[in-house]
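Student: need a structure here:
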Amino acid sequence: MNKTPTSLFDFHIPEQLIALYPEKERDKCRLLVIEKDKRKISETMFIDIKNYLKEGDLLVFNNTKVDNSRFFAINPETNRRHEVVIISYENDGLYRAITNRFKRIKKERLYLENNRNLYIDIIEKIPPYYIIIKLSSPEILDYSELPLPPYILKKRKYEKDLDEKYYQTVYGKYSGSKASPTAGLHFTENLLKELKNIGVETANVQLFVSLGTFEPIKTEFIEDHKIHEEEYNIFEEEAEKINRAISEKRRIIAVGTTSMRVLESSFKDGKIIAGKEKTSLYITPGYKFKVTDKIITNFHTPRSTLLVLVSSILGLQFTKEVYNYAIEKRFRFYSYGDASLII
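Tutor: Below you'll find the predicted structure:
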């Protein structure tokens with residue numbers, strides 16, 4: 001089998017197009033509508049997405065919430081500052097975490113930056129990037145923040161009131177994600193009501209997003225990259241909604257790549273299977289979509305599995321045309337940026 005060079009998914013985004021702040025009115029961001037069969041691109045505002053949806057369409061949301069799980073800690077002997085993000089509770093008071101300084105961190109004691117009476121002990125390093133830590137007190141969790149993308153925090157400070165409002169979706173319900181399902185950030189309560197009024201249906205799934213989802217592809221070929229395993233869940237009544245739409249051959253539109261991966265991972269024997277499972281599904285060009293190839297999604301980073309997923313829907317050449325258009329028309333990129341609708 002011929003492999004696909006990762007370099008084909010590289011491109012330059014002008015720094016000024018990388019969104020560091022959200023739109024104050026979520027649904028007033030821009031929307032790029034891509035009609036893939038017609039190879040047609042058009043522009044509108046997100047609030048007008050209702051003009052492209054119709055009665056009977058099913059939007060599938062990932063209604064997880066982002067955990068406050070990031071904090072900064074310092075080794076007073078070296079004065080080295082470490083960013084630590086808790087990924088999961090292990091056992092016996094231990095947590096699995098990641099750090100921005102994996103290569104340089106060692107089995108050491110780090111004191112919380114904003115409360116030097118609290119500390120964490122680095123118990124173990126698990127390559128390629130996990131660490132096992134022990135907290136001096138559960139109180140440390142009270143000082144944690146949302147794990148905003150690093151590219152934002154390199155350019156500005158964490159703004160608690162703003163970020164804790166806008167980096168969560170208005171419909172988020174189940175905690176456990178380490179990054180926001182950002183395609184859903186553009187929806188407001190009013191827009192959801194308007195969509196319901198015109199007969200657009202909704203269903204919810206949960207995929208507990210890990211930071212590995214956003215890990216850039218570092219292998220020479222995209223097929224050699226290993227995507228991280230993530231837990232997902234579908235309640236029985238939500239699976240029934242989706243299966244009904246499938247059987248009636250109605251349009252199903254995934255709100256975000258996380259929702260799409262849940263749909264594709266949970267489809268077995270001709271239907272969506274409810275329950276808790278794990279997935280490491282990596283959608284690459286040539287993938288045959290089982291449930292839907294229609295999606296609402298933001299504009300993604302170069303060399304990312306998310307960009308590869310988009311190219312699996314549109315084809316690599318058309319994806320490049322879409323992204324070149326978005327850059328030329330100065331759409332805002334990444335988590336707090338503008339959106340696209342692929343139908």
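Student: Wasn't Q317 part of a helix?
Tutor: Yes: Q317: assigned to a helix according to DSSP: H, G, I helix; E, B strand; the rest coil.
Student: Buried residues of stretch 128-138, list them for me.
Tutor: Neighbour counts over stretch 128-138 (16 or more other Cβ atoms under 10 Å) mark 130-135 as buried. To be clear about C-beta, it is placed using only N, CA and C from the backbone, and glycine gets the same treatment.
Student: secondary structure element for the residue lying farthest from the centre of the chain?
Tutor: In the chain, the residue that sits farthest from the middle, by Cα atoms, centre = their mean, is E77; the gap is 36.6 Å. Counting by DSSP states H and E, there is no helix or strand that carries E77.
Student: From Y129, how far out is it?
Tutor: To Y129, E77 is 23 Å away according to Cβ to Cβ, to the nearest Å.
Student: Tell me if I'm right that D338 and K28 touch.
Tutor: No: applying Cβ atoms under 8 Å, one finds D338 not in contact with K28, separated by 10.4 Å.
Student: number of nearby residues for the nearest residue to L53 once chain neighbours are set aside?
Tutor: In this structure, L53 finds its nearest non-sequential neighbour in V200, 5.1 Å apart by Cβ to Cβ, 6 or more residues apart in numbering. For V200, the neighbour count with other Cβ atoms under 10 Å is 20.
Student: Repeat that for Y232.
Tutor: 24.
Student: Could you do Y336 as well?
Tutor: 23.
Student: Domains in this protein, by residue range?
Tutor: Domain assignment for the chain by automatic domain parsing gives 6-66+161-342, 70-143.
Student: most packed of those?
Tutor: Greatest average neighbour count among those goes to domain 6-66+161-342 (a mean of 18), per mean count of other Cβ atoms under 10 Å.
Student: Now do the phi/psi pair for S180.
Tutor: Phi and psi for S180, reported as degrees, to the nearest 10, are phi -80, psi 140.
Student: hmm, back to that, got any residues that touch both of D338 and K28?
Tutor: F46 (Cβ atoms under 8 Å, 6 or more residues apart in numbering).
Student: follow-up on the earlier one: and the buried residues of stretch 128-138 as CSV, adding distance to T99?
Tutor: Output for the buried residues of stretch 128-138, formatted as CSV (distance: Cβ to Cβ, whole Å):
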residue, distance to T99
Y130, 9
I131, 6
I132, 11
I133, 9
K134, 14
L135, 14
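Student: All set, thanks.
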